[in-house]
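A.B. asks: 3D model of this:
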Amino acid sequence: MRTIGLVGGMSWESTAEYYRIINESVRDRLGGTHSARLVLHSVDFHEIERFQHNHQWGHATAAMIAAARSVELGGAECLVICTNTMHRMADEIQAAVDIPLVHIADGTAAAIQAAGANRPGLLGTRFTMEHNFYRGRLKAQHGIDVIIPDDDDRTVIHDIIYEELILGLITPESKAAYLGVIDRLIGAGADSVIAGCTEIEQLVTADNVAVPYFPTTRLHAEAAVEWAFS
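C.D. replies: Numbers count the residues shown, from 1 in each chain. Here you go, the predicted structure:
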């Protein structure tokens, strides 16, 4: 078993899920009291969130590279960025370290293809939904056509993430709002749904959705464990 490096804290609630899923997966594989070999660098999300909303992506990239190098120096043998949005600078981060980056979109793509889907609706932060780093990778490297909500629905999805989910707030009203967005995506031709923000899985589960549902946190964490044993 090789050592997995995590860059987390975006938010810490979702990073806790990464930690839990990875350790449970290792225990399931090896049994007994086994757990994962991990190095974690957890950032202060307040700083990162300010960079995001002020469009200071250069500052955000520098902070992420510093965190990734810290993980590498700590003995990690691969890198896992515990957030969808900050894969925006995945190429720059990979170029700055000598260990491989396990990209969140690739594990999601494998699950989409295994389910026989090809036109998922994408939920996430406005950055993930609107910028091309996520949708573009799914299309260019995996041939998957992604659709996104309309502008009003993107605002709803984004605001609930930043005003509630990253603070650990889960409400029935927000769940109903998300399910409404999902229904409209399905009506627009989506054959599946990507929970493209790690916190969304705390609000909406596969049991709530009538089409295949891809929880990126779990898929990413399981891909990291698969890498550690490969």
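A.B. asks: helices along the chain, start to end?
C.D. replies: 12-30, 45-53, 57-73, 90-96, 104-114, 126-130, 132-142, 151-163, 172-187, 216-229 (DSSP state H).
A.B. asks: for those, which one sits closest to residue 83?
C.D. replies: helix 12-30 (7.0 Å; Cβ to Cβ). For glycine as for every other residue, the C-beta is placed from the backbone atoms N, C-alpha and C.
A.B. asks: flag every buried residue along the closest one.
C.D. replies: Going by neighbour count (16 or more other Cβ atoms under 10 Å), the buried part of helix 12-30 is 12-15, 17-19, 21-23, 25-26.
A.B. asks: alpha carbons of stretch 204-215, as PDB, please.
C.D. replies: Output of stretch 204-215 as PDB, limited to C-alpha atoms (Å, rounded to 0.1, in the frame of the first residue of the first chain):
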ATOM      1  CA  VAL A 204     -28.700  14.700  -2.200                       C
ATOM      2  CA  THR A 205     -28.000  10.900  -2.400                       C
ATOM      3  CA  ALA A 206     -28.600   8.400  -5.100                       C
ATOM      4  CA  ASP A 207     -31.800   7.300  -3.500                       C
ATOM      5  CA  ASN A 208     -33.200  10.800  -4.200                       C
ATOM      6  CA  VAL A 209     -32.500  10.700  -7.900                       C
ATOM      7  CA  ALA A 210     -34.300   8.700 -10.700                       C
ATOM      8  CA  VAL A 211     -31.300   8.500 -13.000                       C
ATOM      9  CA  PRO A 212     -27.700   7.300 -12.300                       C
ATOM     10  CA  TYR A 213     -26.000   9.600  -9.800                       C
ATOM     11  CA  PHE A 214     -22.300  10.000  -9.500                       C
ATOM     12  CA  PRO A 215     -21.000  11.200  -6.100                       C
END
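A.B. asks: still on that earlier bit, could the buried residues of helix 12-30 go into JSON lines alongside pLDDT and distance to residue 140?
C.D. replies: What follows is those, written out as JSON lines (pLDDT from 0 to 100; distance: Cβ to Cβ, whole Å):
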{"residue": "12", "pLDDT": "91", "distance to residue 140": "32"}
{"residue": "13", "pLDDT": "87", "distance to residue 140": "31"}
{"residue": "14", "pLDDT": "87", "distance to residue 140": "26"}
{"residue": "15", "pLDDT": "94", "distance to residue 140": "28"}
{"residue": "17", "pLDDT": "92", "distance to residue 140": "28"}
{"residue": "18", "pLDDT": "96", "distance to residue 140": "26"}
{"residue": "19", "pLDDT": "97", "distance to residue 140": "31"}
{"residue": "21", "pLDDT": "96", "distance to residue 140": "28"}
{"residue": "22", "pLDDT": "98", "distance to residue 140": "28"}
{"residue": "23", "pLDDT": "98", "distance to residue 140": "33"}
{"residue": "25", "pLDDT": "97", "distance to residue 140": "29"}
{"residue": "26", "pLDDT": "97", "distance to residue 140": "32"}
